[in-house]
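Student: From the sequence below, what's the structure:
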Amino acid sequence: MYSTKTATTNNTEFGSAYMPVGINENVTLKEVNVNKTPNGRDFLEIVFENDKGQTATMTEWKNEKNMWIKTDEDLQRRDDTQFGRVLQIINCFGPAPEVELNNFVEMINWVKNTLTQYIGIKKPLRLKVVYDKKGYVKVSNLGIFVEAMDAVGTQMKMFANDLTERPIVADKEPVVDPLVQAANEAIALNTPVTFETTSGADDLPF
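Tutor: From the prediction side, this is the model:
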């Protein structure tokens, strides 16, 4: 039912829970978590927050060999780049201590222990936020993505590969097999399924 007596107008701006895309200032470190997926994959999650309570998350997964990472040298380069990203955050609070870590799990636990002590001080940071390929907000992993607000000058810049416009992901229409659909409908109606074949004079071998 529609009525002019009950119709309403909402003049309140929608408030997103996620940080706007671009270079955000006066951001603070909110959480550092070491988690495990249901299938046992460990990952590091670092959450940043602005003064409006909006968040952006950085997630790090274990690097493994694949079609792009073929050799031990390739894998070590990926690990070095990954650790360099994490050290950007730590260096915002002071020089990172020298450390040698044997594997990914040791690394992410060390990062959690190192960064957790800085959460409460609410040091203002500058943070680069972008979209991922699925249109979700995330912390950029390109170049300088985080720095202290009290640093002299800024080295942060947006790159061409930083997605600043939400990608449009078209919905795909599912392909339905008519035989499967007929079987499912029969099951729902609790009726037997019969598939008819036609035969005629054209089917005879003579």
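
Student: C-alpha only now, for contacts and for neighbours.
Tutor: Fine.

Student: And the helices in this structure?
Tutor: Per DSSP state H, the chain carries helices over the ranges 72-91, 104-116, 178-189.

Student: Wait, Gln54 touches Ser16, no?
Tutor: Yes. Counting by Cα atoms under 8 Å, Gln54 touches Ser16, with 7.1 Å between them.

Student: show me what contacts Asp162?
Tutor: Residues near Asp162 by Cα atoms under 8 Å, 6 or more residues apart in numbering: Val130, Tyr131, Ser140, Leu142.

Student: Next, format the helices of the chain as JSON lines and append distance to Leu163.
Tutor: As requested, these are exported to JSON lines (distance: least, Cα to Cα, whole Å):
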{"stretch": "helix 72-91", "distance to Leu163": "18"}
{"stretch": "helix 104-116", "distance to Leu163": "26"}
{"stretch": "helix 178-189", "distance to Leu163": "40"}
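
Student: Could you export those as a markdown table, including mean neighbour count?
Tutor: Output for the helices of the chain, formatted as a markdown table (neighbours: other Cα atoms under 10 Å):
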| stretch | mean neighbour count |
| --- | --- |
| helix 72-91 | 15 |
| helix 104-116 | 16 |
| helix 178-189 | 12 |
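
Student: Least confident of these, on average?
Tutor: Among the helices of the chain, helix 178-189 carries the lowest mean pLDDT, at a mean of 60.

Student: circling back to that earlier point, compare Gln54 and Ser16 and say which is more crowded by neighbours.
Tutor: Gln54 (15 against 11; other Cα atoms under 10 Å).

Student: thinking again about what came up before, just the buried ones from the contacts of Asp162?
Tutor: Burial by neighbour count, 16 or more other Cα atoms under 10 Å: within the contacts of Asp162 this picks out Val130, Tyr131, Ser140.

Student: residue contacts, the second one?
Tutor: For Tyr131, the contact set (Cα under 8 Å, 6+ apart) comprises Val21, Val137, Lys138, Asp162, Leu163, Thr164, Glu165, Arg166, Pro167.

Student: show me where pLDDT drops low in the protein?
Tutor: Applying pLDDT under 70 to the chain flags residues 3-4, 8-15, 169-206.

Student: Check which residues of the biggest strand by length in the chain are buried.
Tutor: Longest strand in the chain, counting residues (DSSP state E): strand 22-36. Neighbour-count burial for strand 22-36 flags Gly22, Ile23, Asn24, Glu25, Val27, Thr28, Leu29, Lys30, Glu31, Val32, Asn33, Val34 (criterion: 16+ other Cα under 10 Å).

Student: partners of the last one in the sheet?
Tutor: It stands for Val34. Leu44 (DSSP bridges).

Student: now the fifth one
Tutor: Listed by DSSP bridges, the beta-bridge partners for Val27 are Leu125.

Student: So it versus Asn102, what's the distance?
Tutor: 32 Å (Cα to Cα, to the nearest Å).

Student: Now do Asp51: how many residues are near it, please.
Tutor: 11.

Student: residue contacts, it?
Tutor: Counting by Cα under 8 Å, 6+ apart, Asp51 has contacts Asn26, Val27.

Student: Lovely, talk soon.
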